[in-house]
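J.: Dropping the sequence and predicted coords here.
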Amino acid sequence: MLFYAILCDLPIHKAILVYTIAWVMDMKALKDRVSITLDGDLLEKARKEAEKDDRSLSQYINLALREYLARHGEKEKT
């Protein structure tokens with residue numbers, strides 16, 4: 001993509017921007033959007049923890065679920 005942008009006579013900073021946007025769009029394609037319902041108290045605690053970690057709520061829930069599943073998977077193996 002970067003090579004293509006350069007071939008189209010874009011200035012290098014614009015070519016890099018085009019490449020970066022394409023890369024970000026590819027990364028977003030790896031994620032799926034879901035809708036879930038959470039208990040109010042759980043949601044509030046998750047929001048507070050996400051804020052402490054300077055993360056979005058979505059990032060925080062993703063990491064928490066990944067850690068839980070990693071631990072849970074290890075327990076099943078033993």
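T.: Perfect, thanks for sending it.

J.: now the chain, which segments are flagged as low pLDDT?
T.: 1-10, 12-13, 15, 19, 23-29, 74-78 (pLDDT under 70).

J.: show me where it has helices.
T.: Counting by DSSP state H, the chain has helices at residues 2-7, 12-28, 40-52, 57-77.

J.: Show residues contacting the longest one.
T.: The contact list for helix 57-77, computed with CB atoms under 8 Å, 6 or more residues apart in numbering, reads 46, 47, 49, 50, 53, 55. (C-beta placed from N, C-alpha, C; glycine too.)

J.: try 7 Å
T.: 46, 47, 49, 50, 53 (CB atoms under 7 Å, 6 or more residues apart in numbering).

J.: what angle sits between that helix and helix 40-52?
T.: 110 degrees (axes from the mean of the first three to the mean of the last three CA atoms, to 10 degrees).

J.: Check which residues of helix 57-77 are buried.
T.: 60, 61 (16 or more other CB atoms under 10 Å).

J.: Equivalent analysis for the third one, please.
T.: Residues residue 50 are the ones in helix 40-52 that count as buried (16+ other CB under 10 Å).

J.: for it, packing partners?
T.: Of the remaining helices and strands, those touching helix 40-52 by 3 or more CB pairs under 7 Å, 6 or more residues apart in numbering; DSSP states H and E are helix 57-77.

J.: Could I get the CA-only coordinates of the helix it packs on as CSV?
T.: What follows is helix 57-77 as a C-alpha-only set of coordinates in CSV (Å, rounded to 0.1, in the frame of the first residue of the first chain):
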residue,chain,number,x,y,z
LEU,A,57,-14.1,0.1,29.0
SER,A,58,-13.9,-2.1,25.9
GLN,A,59,-10.1,-2.6,26.2
TYR,A,60,-10.5,-3.3,29.9
ILE,A,61,-13.2,-5.9,29.5
ASN,A,62,-11.3,-7.5,26.7
LEU,A,63,-8.1,-7.9,28.8
ALA,A,64,-10.1,-9.1,31.9
LEU,A,65,-11.9,-11.7,29.8
ARG,A,66,-8.6,-12.8,28.2
GLU,A,67,-6.9,-13.2,31.6
TYR,A,68,-9.9,-15.1,33.0
LEU,A,69,-10.1,-17.5,30.0
ALA,A,70,-6.3,-18.1,30.2
ARG,A,71,-6.6,-19.1,33.9
HIS,A,72,-9.7,-21.1,33.4
GLY,A,73,-8.1,-23.0,30.5
GLU,A,74,-5.1,-23.9,32.6
LYS,A,75,-7.3,-25.3,35.4
GLU,A,76,-9.1,-27.6,33.0
LYS,A,77,-5.7,-29.0,31.7
